[in-house]
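J.: Starting from these lines, generate the structure:
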Amino acid sequence: MSTQPAWLDKAIFYQIYPQSFLDTNADGIGDLNGITLKLDYIKELGCTAIWLNPCFRSPFKDAGYDVEDYYTVAPRYGTNEDLINLFREAHKRDLHVILDLVPGHTAVTHPWFQESMKGTKNEYTDRYIWTDSVWEEPRGMSCIRGISERDGSCAVNFFSHQPALNYGFYRPDPQCKWQQPMDAKGPLATREALRDIMRFWLEAGCDGFRVDMAGSLVKQDEESRGTIALWQDIRGFLDREFPEAALVSEWGEPDKSLTGGFHMDFLLHFGPSHYNDLLRCDEPYFSRRGKGSAREFVAAYREAHEKVGGKGLICIPSGNHDMDRLARRLDPDEMKIFFAFLLSMPGAPFIYYGDEIGMRYVENLISVEGGYGRTGSRSPMQWNKGLNAGFSSAPKGKLYIPQDDGENRPDAESQSADLCSLRSEIKRLIAFRQKHPALQNRGGITFLRDGYPLVYDRTSGRQRIRIAINPSDQEVTVPDTSGTILYKTGNAAEIKANTLHIAGGSAVFVEE
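T.: Numbering: from 1, shown residues only. The predicted model follows:
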């Protein structure tokens, strides 16, 4: 694995869904200039980096994850120069920006796919995964067929309008001649096209990429050996040309992604991590009812941590564009305890826009841009108490997703002025984390208890900080704990007779 860029050691990311952040031209859709205007807000919160969801030209059947042109900013967001200016202004503030890269599929409107559908062989014939007959489906994959003069069915990666790009098959079936090995001309050309895209935006000032569906590229690759080898090749290219570029995977299996050369991997809301046990189930661990469980999460985290052997970073997000908002199941005080956990865990934390103020999930929305049940977590940012919560000066009905119109909806301006708000607590937690190496991204972790409270030690050099998280409404104790309480959120805590006593709804950091 390559050396991690130094800026990742203390990185705290803020995820921005561009169409929902700030609209500066009154069309009801957020834009890049709006993000640039709010860089000081992100900096003041304490975040050091931004993950920007896809902002390239697209028909927006899947919110930009159906890319039509990897080299051009979608006009609704602005221009390439607007994005380059965002990079420049972010760098002036010591902020880094990573873009969302979608390497596994494109939109059906992408020129590559339009060429690949032609009946005569051309440069893009093998850019996608096509069978030899329209009557043959690719086994184990959905497909598009009957839409082109080409005789064949094209595999898709997710929605039916997202044809899968061809990186080859790890174990091609000899009876399916259309299944090409990874080193065939078509798959290698696709890989080179991916390098070209990355090179273009890194030269423009981007600081790296969050890679969508990173583990899905090579097909018939049950143990991910082919996909790991592919990313190791990409990692080598980046190390040679852009050694400071960060690579973050949406994979959810850190032992595979970090071996592949990614610097960081997300714990996902699906798969083996049990992340949702903490926040998004009938009895979340962080509810004050105290009926949840962190046990399986801790076990899965320990296993992942041991497998990677100290390589890279395992990252935990507050949420993202694919998950319910935190506030759908937790109230502001419960969310404060969650953020005490998030901001005291190893790896780079990711804060989804609006989670810092406890934005609510907007119920019963009609699907927008392929969001379906996720649409309620993508509503426009709430900046103040003015028109459209300060998001846009467009008429309310023109907003591309309706806002939360409930009473007392949270807003950033009010919470910034309130020292007791969720946002103010998060700001203090970030500042505290950045002052203590043991709490930062590469500090060590040892779990001591996985019930109520959740207890773990963070270490770096000679510094050891014990974290005790008690979301429940019952007082708890942590024996064999002495030292100085450096930080607490929630209610009372004290150390007596070598025992830490923690009131319900509290998180405590003790330097031993």
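J.: For Phe270, report the pLDDT, please.
T.: Looking at Phe270, its pLDDT is 80.
J.: what's the closest non-adjacent residue to it?
T.: Gly252 (7.3 Å; C-beta to C-beta, 6 or more residues apart in numbering). Every residue, glycine included, has its C-beta placed from N, CA and C.
J.: What of Trp130?
T.: Nearest non-adjacent residue to Trp130 (C-beta to C-beta, 6+ apart): Gly152, at 4.0 Å.
J.: Could you give the number of residues near that neighbour?
T.: By other C-beta atoms under 10 Å, 23 other residues sit near Gly152.
J.: Now do the contacts for it.
T.: Trp130, Thr131, Asp132, Ser133, Val134, Glu136, Arg145, Trp178 (C-beta atoms under 8 Å, 6 or more residues apart in numbering).
J.: Hmm, Ala493 is touching Ile502, no?
T.: Yes. Counting by C-beta atoms under 8 Å, Ala493 touches Ile502, with 4.9 Å between them.
J.: what do those two both touch?
T.: Ala468, Val508.
J.: More neighbours: the two, which one.
T.: Shown here are Ala493 and Ile502; by other C-beta under 10 Å, Ile502 has more neighbours (27 against 22).
J.: From Phe113, how far off is the residue nearest to Trp130?
T.: From Gly152 across to Phe113, the span is 13 Å (C-beta to C-beta, to the nearest Å).
J.: And for Ile502?
T.: 57 Å.
J.: In terms of helices and strands, where is Asn33?
T.: helix 32-37 (DSSP states H and E).
J.: which residues are contacting stretch 212-219?
T.: So stretch 212-219 is in contact with 65, 100-104, 129, 141, 155, 157-158, 164-165, 167-170, 179, 182, 224, 226-227, 230-231, 249-253, 256-257, 260, 262, going by C-beta under 8 Å, 6+ apart.
J.: most residues in a single helix of this structure, which one?
T.: Determined from DSSP state H, the single longest helix within the chain is helix 185-204.
J.: Let me have that one in PDB, keeping just the CA atoms, if that works.
T.: Below are the C-alpha coordinates for helix 185-204, written out as PDB (Å, rounded to 0.1, in the frame of the first residue of the first chain):
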ATOM      1  CA  LYS A 185      -7.900  -4.900 -25.300                       C
ATOM      2  CA  GLY A 186     -11.400  -3.700 -24.400                       C
ATOM      3  CA  PRO A 187     -11.000  -3.800 -20.600                       C
ATOM      4  CA  LEU A 188      -7.500  -2.300 -20.700                       C
ATOM      5  CA  ALA A 189      -8.900   0.600 -22.800                       C
ATOM      6  CA  THR A 190     -11.600   1.200 -20.200                       C
ATOM      7  CA  ARG A 191      -8.900   1.200 -17.500                       C
ATOM      8  CA  GLU A 192      -6.900   3.800 -19.400                       C
ATOM      9  CA  ALA A 193      -9.900   5.900 -19.900                       C
ATOM     10  CA  LEU A 194     -10.400   5.900 -16.100                       C
ATOM     11  CA  ARG A 195      -6.800   7.000 -15.600                       C
ATOM     12  CA  ASP A 196      -7.400   9.900 -18.100                       C
ATOM     13  CA  ILE A 197     -10.500  11.100 -16.200                       C
ATOM     14  CA  MET A 198      -8.600  11.000 -12.900                       C
ATOM     15  CA  ARG A 199      -5.600  12.800 -14.400                       C
ATOM     16  CA  PHE A 200      -7.800  15.600 -15.900                       C
ATOM     17  CA  TRP A 201      -9.400  16.500 -12.600                       C
ATOM     18  CA  LEU A 202      -6.300  16.100 -10.500                       C
ATOM     19  CA  GLU A 203      -4.400  18.500 -12.800                       C
ATOM     20  CA  ALA A 204      -7.400  20.900 -12.400                       C
END
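J.: buried sites along that helix?
T.: Residues of helix 185-204 classed as buried: Gly186, Pro187, Leu188, Thr190, Arg191, Ala193, Leu194, Ile197, Met198, Trp201, Leu202 (neighbour count, 16 or more other C-beta atoms under 10 Å).
J.: likewise stretch 398-406?
T.: Under the neighbour-count criterion of 16+ other C-beta under 10 Å, stretch 398-406 has Leu399, Tyr400, Ile401, Pro402, Gln403, Asp404 buried.
J.: which residues in the stretch 251-400 of the chain form helices?
T.: 254-259, 276-279, 295-308, 332-342 (DSSP state H, counting those that start in this stretch).
J.: TSV for those, including distance to Met117, mean neighbour count and mean pLDDT?
T.: Output for the helices of the stretch 251-400 of the chain, formatted as TSV (distance: least, C-beta to C-beta, whole Å; neighbours: other C-beta atoms under 10 Å; pLDDT from 0 to 100):
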stretch	distance to Met117	mean neighbour count	mean pLDDT
helix 254-259	33	24	93
helix 276-279	39	22	96
helix 295-308	41	16	92
helix 332-342	46	22	98
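J.: Show me the one of the ones you listed that comes nearest Ser367.
T.: Of all the helices of the stretch 251-400 of the chain, helix 276-279 sits nearest to Ser367, with 21.7 Å by C-beta to C-beta.
J.: Specify the beta-bridge partners of Val476.
T.: Ile502 (DSSP bridges).
J.: these two touch, right, it and Leu454?
T.: No. Using C-beta under 8 Å, Val476 makes no contact with Leu454, being 10.2 Å away.
J.: Determine the residues that are contacts of both of those two.
T.: What both Val476 and Leu454 touch, as defined by C-beta under 8 Å, 6+ apart, is the set Asn470.
J.: The two: who's more crowded?
T.: Using other C-beta under 10 Å, the more surrounded residue of Val476 and Leu454 is Leu454, with 24 against 19.
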